[in-house]
Structures are given as structure tokens and as C-alpha cells.
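S.K.: Need the 3D shape of this:
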Amino acid sequence: MQNNNVWQQLLPVATRQEAHYGDRVTTCFPDRPRNLDDMFRQTVARFPDQEALVFGAQRLTYRQLDERVDAVAVNLLALGLQSGERIAVYMANSIELIVAYFGILRAGLVVVPIGILQQKPELEYAINNCTAAALIFDAESAARVPDRAQTPSLQHYYAVGGDTEGAIAFASLEIAATSAPVLDIDEESLSFLMHTSGTTGKPKGAELTHLSLWHAVKHHELCIGVDSSSRTILVIPGTHVSGVAAIIVSTMQVGGCLVIVRGFNTRELLALLRAEKITDAMFVPTILTRLLLEPDFDDFQLADHWRSALYGGAPMPESSIERLHKHLPNLRLHQGYGATESSAVTVIIPADQTALRPLSVGTAAHCYDIRIMDDECRELAPDEVGEIWIGGPGVVKGYWNNPGESARNFIGGYWRSGDVGTLDSEGYLRILDRRKDVIIRGGFKVFSVEVENVLAFIEGVVEAAVVPSPCPVLGERVHVFIYANVELTEEAVRDYCKTQVADYKVPDFITLRKEPLPRNLNGKLVKAPLRELALQMAQQRQAAGARS
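M.R.: Numbers count the residues shown, from 1 in each chain. Below is the predicted model:
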């Protein structure tokens with residue numbers, strides 16, 4: 001039985017079973033556009049004169065945006081590119097990023113977004129992995145573009161925002177004398193090819209189709225409530241799956257206005273939220289926490305218009321949820337859970353359950369199915385701990401040109417997430433950890449998220465990360481890194497934890513920092529350098545013990 005009954009009870013929507021990608025049977029919404037370009041054309045027809053994009057002083061209506069998208073499609077097709085060829089996009093947030101995306105889609109080509117912080121070897125790998133035919137990049141990032149000899153598939157280079165040797169100005173793509181044809185783009189064909197983070201090896205290219213991505217964004221309309229009156233802010237990178245699905249395409253699908261931000265500054269963001277009367281936003285919890293830490297937060301009067309906030313990428317500390325409800329009592333606060341392989345968010349918590357179920361990330365959206373499986377690939381009973389498997393139309397087709405990894409990670413239409421969690425009898429999911437983040441201390445399992453949630457309640461703690469520390473006796477011990485804005489002592493932290501968790505979960509080692517913990521461009525905590533630091537510190541302790 002599918003675990004989507006909560007959302008179906010709240011918002012009944014017609015669905016049906018369909019076969020896709022050969023032998024995969026999944027739940028779908030029957031009433032849908034033919035493809036993402038069809039979706040965008042329908043939006044333009046409904047809201048031609050409505051504001052679509054805001055970026056600094058630049059403002060575009062849907063009609064104006066469509067004209068630029070159409071020109072890009074015309075010019076790409078004039079190059080002789082064939083349907084399904086890949087176009088790499090290496091850009092920061094901007095209007096040109098959105099124009100490029102929808103122009104590429106209209107031409108029947110595949111968008112390959114690449115994060116702007118990726119360095120030359122990483123960019124080179126992504127381009128060669130998908131044999132991209134063209135590259136669109138910011139002129140300011142030209143130094144990181146690989147040498148032509150290293151990327152033989154690239155035939156066309158377009159630079160945004162400045163003259164670049166060997167590249168044509170992207171602006172030339174935005175001028176055309178004719179209109180692009182309406183192509184018959186199959187919904188099972190690729191729309192975006194997005195490389196995963198590569199935490200377990202080389203990045204893999206997740207194959208998002210028009211079908212998978214549209215279903216992912218439709219759930220934002222149904223469950224979050226974005227609509228044509230929405231003014232949504234894009235702060236996270238538009239090359240990340242959340243930026244693409246949860247913000248860009250979901251806004252374009254309903255005819256809302258997308259306010260684009262390039263870079264994060266707390267004060268500037270607060271001012272923009274007020275000036276543009278932002279109604280909907282998606283942030284990682286850290287950004288929300290930092291906004292709340294501003295002493296004059298209430299002076300920005302965001303409660304007058306800010307109506308929904310979706311957060312993901314990490315749990316929201318219960319203390320932050322309490323503060324948000326205090327300062328923004330009418331804000332609908334949703335946690336979401338998903339991944340690139342599920343075309344972004346698949347599990348969403350209803351707003352009225354966020355405070356009541358602070359440890360849950362929510363319940364499966366209408367068309368999705370969540371299962372908890374053991375190591376032998378058998379489904380577990382409610383509340384038992386196992387690996388989270390995700391099924392539904394948002395699950396990607398597979399990994400580009402990687403049948404081995406596709407076979408290991410996709411089984412019967414489900415994607416094996418690698419996350420450890422539980423599903424209760426009502427269908428609410430709890431994330432306990434990544435498999436690699438579970439600490440085995442003397443035979444006992446310590447889930448880092450549980451300890452991190454406890455630490456968040458200590459006054460002054462801004463963020464905390466729990467990682468394993470190798471131990472020759474117990475196997476692993478618990479090491480916590482804490483960034484606080486007040487003076488803390490290791491003793492105070494440990495004493496508080498002793499009152500909240502079992503003794504084997506109490507941190508063995510505590511590192512107090514005066515600077516934020518490492519995060520990637522999306523604002524998501526990066527534990528790899530902390531694990532390495534914990535290892536080095538463990539080795540130093542062992543060496544010191546051997547000398548004494």
C-alpha cells in the first residue's frame with residue numbers, strides 16, 4: 001500500500017497507474033502537458049503581461065521572457081544540433097540562466113547544469129561524461145573553462161556578460177528573425193542531466209526527463225501552494241536540483257514571479273524579501289537561522305507577505321522552528337526531502353504538522369511511494385530502521401551511460417537513497433542518517449542527526465556537526481564540532497547532552513569553533529573536512545598516548 005494517503009486525504013487529486021521507461025509502473029497525474037516547453041508555452045499564454053523575472057534592476061514579463069527563449073531555441077537549432085544533444089550550462093544565478101534553460105528545452109536539447117564553484121577538472125569531467133556539444137558560461141569564469149583539446153565533444157562556446165576569446169556572446173543567441181517550431185518532444189526524453197555530488201566516487205549523471213521533472217514541480221503547486229500570485233526568491237544555485245525543480249521550474253509552471261539573487265548576504269536578503277514582497281521561499285535551515293539571528297528581524301515586517309517556506313538539505317532544529325512560529329506566526333513552514341535522483345522533493349510535511357512532528361521530514365507526496373528496506377532488500381515494518389527507497393514518477397530514468405550504477409541503485413522503479421530512516425504507521429518519514437554517517441560506538445548505533453538536534457537547543461549554538469572518531473577499543477567515538485555565538489565550555493555541552501540522550505550518544509570529543517562550519521554553495525553542511533580533521537585529531541591523541 002502506498003504511503004501517500006495523507007496528502008491524498010488533504011488534497012484529493014486524480015491519479016492513475018502508467019507504464020514508463022519500459023517496464024516501470026508508477027502513479028502519475030493524467031492531466032499534464034506534453035513536455036516542459038509545452039508547460040512553459042501554456043504559462044506564457046495565460047500570463048503574457050505578468051512579471052516573470054526580477055534580477056536587480058532588470059524585470060521581464062512572461063511575453064518578454066518567451067521572446068528571448070524563442071530566439072535562443074531558433075539559434076541553437078540553426079547550429080544543426082540534433083534532438084537530445086547535451087548543452088552544458090556553467091553559470092551563476094541570472095536572467096540569462098533561465099533564458100538558456102528554457103531555450104535549450106524548446107530546441108529539444110538537454111540541459112546539463114554545472115555548479116559555478118566546480119573547478120576546471122570537475123567541469124572537464126562533467127562535459128566529457130555527457131559529451132556536451134556546447135557550453136554556455138559566465139565570462140568571469142572563463143579561466144576555469146577546460147582547454148579545447150581536453151573536451152573534444154564541445155563545438156560551440158557562448159559567454160555571458162563579457163567578451164571572451166574563443167567564445168561567442170550569449171546575447172547573439174537572443175536575437176532571431178523567426179520563431180522556433182513547436183517540436184514533438186517525448187515526455188520520457190531527457191530534459192536535464194544533473195551530476196550528483198560524487199561523495200562515493202566520480203559524479204554520476206542523473207537523467208531527469210520531462211515526465212519526472214514536471215511531476216516533481218506539480219507537487220509544489222499542490223502541497224506548498226505556489227500559484228500565479230507567488231513571488232519566489234532564488235538564492236540557492238539555479239544549477240542545483242532544488243534550484244531547478246523546487247524554485248525555477250515550479251515558479252514558471254504556475255506563472256509566478258521569480259526574484260533572482262546572486263550570492264548570499266543576510267542583511268541584503270532581508271531587505272530584498274521586504275522590497276519585493278516575497279511570498280514563497282526555499283532555504284536550507286542555516287539561512288533561516290541566520291535571518292532570525294538578526295536583532296532587528298521583526299523590523300522588516302516580513303509577516304505581512306511571506307506565506308510559505310520550504311526547507312531541506314538538513315533537519316531544522318526544533319528551537320529554530322519555535323522562533324519562526326514566534327516571529328512569523330502565519331508562515332506555512334514545510335520540510336521537504338528528496339534528491340537529484342528523485343527530481344528533488346518527494347516527501348513534504350503539511351504545515352500544520354511541522355511543529356507537531358519536529359523529527360519527521362513529512363509524508364510522501366501524491367504520486368510518490370516511500371519504503372523502508374533491510375540489507376536483504378525486504379520491506380520492514382513501521383518504525384523499524386532501514387534504508388529509504390523512493391518510488392514514483394519523479395524517480396529519474398537512471399544514470400547516464402552507467403548501466404552498472406543504474407542497476408545497483410534503481411530496482412523495480414525504486415531508487416535506493418542510501419539514507420537510513422523509519423516510516424511510522426501513518427506514513428511519516430524520519431531521517432536518521434546517511435549510511436556513512438552512522439557511528440557504531442561499542443556496538444551501539446549513534447545517529448548523528450539525533451545528537452545534532454539536541455545540541456541545537458543549547459543557547460548560543462548556531463550550528464553543530466557530529467562525525468565519527470576512530471577508536472581502537474570501541475571502533476568509533478562521537479566527535480562534535482560546534483560553532484556558537486556565545487562562550488561555551490566542553491563541560492557545559494557534555495552536561496546538557498547527558499540529560500537528553502543515552503550515555504553512549506554523549507559526545508566524547510568536542511571542538512568549539514569561532515567560525516561557521518564548512519558548507520557548499522547550496523548552504524548544505526559538508527562533513528568530509530570535519531571527518532578528516534577528527535581523524536587527524538584521533539591520530540594525534542594516539543601518538544601522544546604512545547609517547548607517554
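
S.K.: Tell me where this structure is predicted with low confidence.
M.R.: Scanning the chain for pLDDT under 70 picks out 1-4, 197-201, 313-317, 435-436, 443, 521-523, 546-548.

S.K.: what's the longest helix in it?
M.R.: Across the chain, the helix with the greatest residue count (assigned by DSSP state H) is helix 528-547.

S.K.: Show me where the stretch 401-548 of the chain has its helices.
M.R.: Taking DSSP state H, counting those that start in this stretch, the helices of the stretch 401-548 of the chain run over residues 403-409, 448-455, 490-498, 528-547.

S.K.: er, the stretch 151-300 of the chain I mean
M.R.: 210-219, 241, 250-254, 266-275, 285-293.

S.K.: List every C-alpha atom in the fourth one, with coordinates, as PDB.
M.R.: In other words, helix 266-275. Once non-C-alpha atoms are left out, helix 266-275 reads as follows in PDB (Å, rounded to 0.1, in the frame of the first residue of the first chain):
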ATOM      1  CA  THR A 266      21.900  38.300   5.400                       C
ATOM      2  CA  ARG A 267      21.100  42.000   5.500                       C
ATOM      3  CA  GLU A 268      20.700  42.300   1.800                       C
ATOM      4  CA  LEU A 269      18.500  39.300   1.700                       C
ATOM      5  CA  LEU A 270      16.200  40.600   4.400                       C
ATOM      6  CA  ALA A 271      15.900  43.900   2.600                       C
ATOM      7  CA  LEU A 272      15.100  42.100  -0.700                       C
ATOM      8  CA  LEU A 273      12.500  39.900   1.000                       C
ATOM      9  CA  ARG A 274      10.800  43.100   2.100                       C
ATOM     10  CA  ALA A 275      11.200  45.200  -1.000                       C
END
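
S.K.: before we move on, back to that, next, format the helices of the stretch 151-300 of the chain as JSON lines and append mean neighbour count and distance to R63.
M.R.: Bear in mind the C-beta positions are built from the backbone N, C-alpha and C, glycine included. Output for the helices of the stretch 151-300 of the chain, formatted as JSON lines (neighbours: other CB atoms under 10 Å; distance: least, CB to CB, whole Å):
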{"stretch": "helix 210-219", "mean neighbour count": "27", "distance to R63": "22"}
{"stretch": "helix 241", "mean neighbour count": "27", "distance to R63": "29"}
{"stretch": "helix 250-254", "mean neighbour count": "24", "distance to R63": "14"}
{"stretch": "helix 266-275", "mean neighbour count": "16", "distance to R63": "24"}
{"stretch": "helix 285-293", "mean neighbour count": "19", "distance to R63": "33"}
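
S.K.: Adding distance to V99, write the ones you listed out as JSON lines.
M.R.: Output for the helices of the stretch 151-300 of the chain, formatted as JSON lines (distance: least, CB to CB, whole Å):
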{"stretch": "helix 210-219", "distance to V99": "18"}
{"stretch": "helix 241", "distance to V99": "20"}
{"stretch": "helix 250-254", "distance to V99": "12"}
{"stretch": "helix 266-275", "distance to V99": "21"}
{"stretch": "helix 285-293", "distance to V99": "26"}
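
S.K.: Tell me which of the ones you listed approaches R408 most closely.
M.R.: Closest to R408 of the helices of the stretch 151-300 of the chain, according to CB to CB: helix 210-219, at 19.5 Å.

S.K.: Would you mind telling me which of the helices of the stretch 151-300 of the chain is nearest D419?
M.R.: helix 241 (15.6 Å).

S.K.: what's that closest one in contact with?
M.R.: Helix 241 is contacted from outside by 194, 206, 208, 339-340, 343-344, using CB atoms under 8 Å, 6 or more residues apart in numbering.

S.K.: what's the distance between that helix and the middle of its chain?
M.R.: Here helix 241 is found 5 Å from its chain centre; the criterion is CA atoms, centre = their mean, to the nearest Å.

S.K.: still on that earlier bit, of the contacts of helix 241, just say which sits nearest to A464.
M.R.: Within those, the smallest distance to A464 is 23.3 Å, found for A339 (CB to CB).

S.K.: The longest helix of the chain packs against which elements?
M.R.: strand 461-471, strand 475-484, strand 509-513 (3 or more CB pairs under 8 Å, 6 or more residues apart in numbering; DSSP states H and E).
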